[in-house]
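> Take a look and give me a structure for this.
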Amino acid sequence: MFFDKPIHDVTFDDVVAFCKRQIPEGKQLDYKYLLPKNKEKFAKVIASFANAMGGTIILGVNDDKNDKPRPPFTGIAYHEKMRNSIEDIIQTYIDPVVFVDINTCISRDGQRMFVIINIPQSNLTPHLVGSLKRAYIRTGQSSRPEAIVHPDRLPWLLNHRKKSERLRHILYDKAESHFENYLKTKNVDPLSLSVATLAVLPLYPQEPLVSFKKLPDLLHTCAADLVDESTMKLQPVQDGLAVIDGSSNHRMLELNDYGLLMSKCNIAQPVSFNGHAARAVDFEAFAQHTVKFMRSARSFIQQLSFGGPLYVRLKLSNTRSLRAFFGKQNATVLEDYVRLDENYSVAQFAASLESIVHQVLQTAAWSLGLQISDEDLKNKIHHLLQEK
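You can find the predicted model right below:
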């Protein structure tokens, strides 16, 4: 979550460069020089990340009084069984077991290493530690980086993040309502449009990940190719920012400080088919929009340094009787609507975006009545992902 590449691609030199950035420890980051002799204490750190927002531990790095990495950044002596030692601690002291990603970043001479432990936000909470079966959460405070869960918060863990699931629905529904309210201001009947919704947000949102004041900068950094500045204007909304298309295309992009990115746009255009007026969706144009959105979502999540599971939704509304076109193929859509809901890890989103886009577009194409071969679809996606 703190590197601009999948964890298993991070090198020794990448960790050195990261340490030079002087990012302090916090809610999602911890430095350790060696594995603590108190193994239960180390297990507490891992479990506290899993019980909260997820996080990363970097072994081989000392920290100073301000919780920042302290040079020299030379790592620790290479130990081929370090991975096994970490896994043994997790299996011995944490119940249920936390599943982590571990990368040993070895120096070019093979003598030194850093160890990166990426702990995802878990949906199996609470993870209890030691013989006393205590639950901890990561606080980010230097004096008490981990804290025993207060009784008021324990139900949140025991209910497997039900409160976070409700919050996710609230965030999603609010973004939906903003688009509907925008259509009302234009006197547009939502049922007259066929709207494509693409959304990515944390599966278990808990708290803001960034100040809402930074959202305009994130918009231009992460989603510039989704925004036509000549026709779209920024509209602040609670906890977020909506970008409204002032033309007749009826498009809106919304992002908020909890990590939601949502695109809504009308995909049906009037055409003449066999001498009759019809409404049609150009699947190639939709594929292009989907690729741009997913690429922007990946960048947005990376900028937020979020490490938990992600919720991805595709929804196409009012699709019945549309004509769908892709190359020489065309079909009449029989479905009233199309919907896909999937969960992915941040690591999958970073390393396997092409596969994720393929799954989304394959579902959409089939539901719209188009029988596009896997090879044709993969080639199209690969080509679109290469475009800037």
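
> Show me what counts as buried in stretch 177-192.
Neighbour counts over stretch 177-192 (16 or more other C-beta atoms under 10 Å) mark 178-179, 182-183 as buried. Where C-beta positions appear, they are placed from N, C-alpha and C, glycine not excepted.

> could you give me the average pLDDT of stretch 197-216?
Average pLDDT, stretch 197-216: 92.

> quick one on the thing from earlier: with the buried residues of stretch 177-192 in mind, which one is nearest to Gly307?
Nearest to Gly307 among these: His178, at 27.7 Å, using C-beta to C-beta.

> In which helix or strand does Met294 reside?
helix 283-304 (DSSP states H and E).

> The helix or strand just after that helix pairs with which strands?
Later in the chain than helix 283-304, the nearest helix or strand by DSSP H and E is strand 310-316. Next to strand 310-316 in the sheet, as set by DSSP bridges, lie strand 195-202 (antiparallel), strand 338-344 (antiparallel).

> How far off centre is the helix holding Met294?
12 Å (C-alpha atoms, centre = their mean, to the nearest Å).

> related to what we said a few turns ago, among the buried residues of stretch 177-192, name the ones in helices.
The helices, defined by DSSP state H, take in 178-179, 182-183 from these.

> Kindly check the end-to-end length of stretch 301-314 for me.
Stretch 301-314 has an end-to-end distance of 18 Å (criterion: C-alpha to C-alpha, to the nearest Å).

> quick one on the thing from earlier: reformat the strands paired with strand 310-316 as a markdown table; add mean neighbour count and distance to Leu215.
Converted to a markdown table, the strands paired with strand 310-316 look like this (neighbours: other C-beta atoms under 10 Å; distance: least, C-beta to C-beta, whole Å):
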| stretch | mean neighbour count | distance to Leu215 |
| --- | --- | --- |
| strand 195-202 | 24 | 14 |
| strand 338-344 | 15 | 23 |
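
> Any chance of a markdown table for those strands, columns distance to Gln238?
Output for these, formatted as a markdown table (distance: least, C-beta to C-beta, whole Å):
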| stretch | distance to Gln238 |
| --- | --- |
| strand 195-202 | 15 |
| strand 338-344 | 25 |
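
> now for these, which one comes closest to Thr290?
Using C-beta to C-beta, these put strand 195-202 closest to Thr290, at 6.4 Å.

> Tell me the helices and strands packed up against the helix holding Met294.
strand 195-202, helix 215-222, strand 261-266, strand 323-326, helix 346-351, helix 353-367, helix 374-386 (3 or more C-beta pairs under 8 Å, 6 or more residues apart in numbering; DSSP states H and E).

> Nearest to Asp13, out of the ones you listed?
helix 346-351 (19.2 Å).

> What residues of that closest one count as buried?
Neighbour-count burial for helix 346-351, counted by 16+ other C-beta under 10 Å, picks out 346-351.

> show me what contacts Phe300?
Residues near Phe300 by C-beta atoms under 8 Å, 6 or more residues apart in numbering: 200, 218, 222-223, 255, 259, 261.

> Repeat the analysis, applying 10 Å as the threshold.
Neighbouring residues of Phe300 by C-beta atoms under 10 Å, 6 or more residues apart in numbering: 200-201, 210, 215, 218-219, 221-223, 255, 259-261, 306.

> what two of those residues have the greatest distance between them?
Largest pairwise distance in the contacts of Phe300, by C-beta to C-beta, is 18.2 Å, between Leu201 and Thr221.

> Now for this structure, the helix or strand with the poorest mean pLDDT.
When the helices and strands of the chain are compared on mean pLDDT, DSSP states H and E, helix 154-158 comes out lowest with a mean of 69.
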